[in-house]
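Novice: Would you be able to build a 3D model of this:
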Amino acid sequence: MHLYAAYLGGELTVGRMGEDHEVVFVVAEDMEQARRAAKEKWGGGGRSHVDALTRLDMIDGYSVALRQSGTGDATETEGYN
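Specialist: Take a look at the predicted model:
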């Protein structure tokens with residue numbers, strides 16, 4: 001199993017032009033499974049598609065290791081205030 005970051009694009013709400021985007025993280029065996037799992041996490045309205053998908057094995061010299069320890073997601077997000 002590997003950790004993937006997916007950049008999703010999808011339909012905007014009615015009356016808006018363009019596309020909505022969000023980043024989600026998924027654990028999957030391969031890219032195709034990760035693509036399907038990411039699309040299931042789409043939080044917007046309408047259909048989504050994957051604009052980019054990256055397997056995360058090493059970040060800034062740190063290896064990424066996965067260990068199952070529960071269910072769901074535990075993430076920390078900070079906006080610009």
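
Novice: residue contacts, the spatially most central residue of the chain?
Specialist: Nearest to the centroid of the C-alpha atoms of the chain, with distances taken as C-alpha atoms, centre = their mean, sits residue 24, at 2.0 Å. With contacts defined as C-beta atoms under 8 Å, 6 or more residues apart in numbering, the neighbours of residue 24 are 5-6, 8, 38, 41-42. Where you see a C-beta, it was placed from the backbone N, CA and C, and this is true even at glycine.

Novice: which among these end up buried?
Specialist: In terms of neighbour count (16 or more other C-beta atoms under 10 Å), the buried residues within those are 6, 8, 38, 42.

Novice: Which stretches in this protein count as helices?
Specialist: All helices of the chain, identified by DSSP state H, fall at 31-40.

Novice: Strands of that one, residue ranges please.
Specialist: Counting by DSSP state E, the chain has strands at residues 2-10, 20-28, 48-56, 58-59, 62-63.

Novice: picking that back up, let me know the pLDDT of the residue lying closest to the residue nearest to the centre of the chain once chain neighbours are set aside.
Specialist: On the basis of C-beta to C-beta, 6 or more residues apart in numbering, the spatially nearest residue to residue 24 that is not a chain neighbour turns out to be residue 41, at 4.3 Å. Reading off the confidence values, residue 41 has pLDDT 93.

Novice: Quick check, residue 41 in contact with residue 26.
Specialist: Yes. Under the criterion of C-beta atoms under 8 Å, residue 41 lies in contact with residue 26, with a separation of 6.8 Å.

Novice: mind checking pLDDT for the residue lying farthest from the centre of the chain?
Specialist: Distance from the C-alpha centroid of the chain, by C-alpha atoms, centre = their mean, peaks at residue 15 (25.9 Å). pLDDT recorded at residue 15 is 80.

Novice: tell me which residues of stretch 32-41 are tucked away?
Specialist: Neighbour count says stretch 32-41 has 34-35, 37-39 buried, by 16+ other C-beta under 10 Å.

Novice: between the strands of the chain, which one is nearest to residue 77?
Specialist: Shortest distance between residue 77 and the strands of the chain, using C-beta to C-beta, is found for strand 20-28: 9.6 Å.
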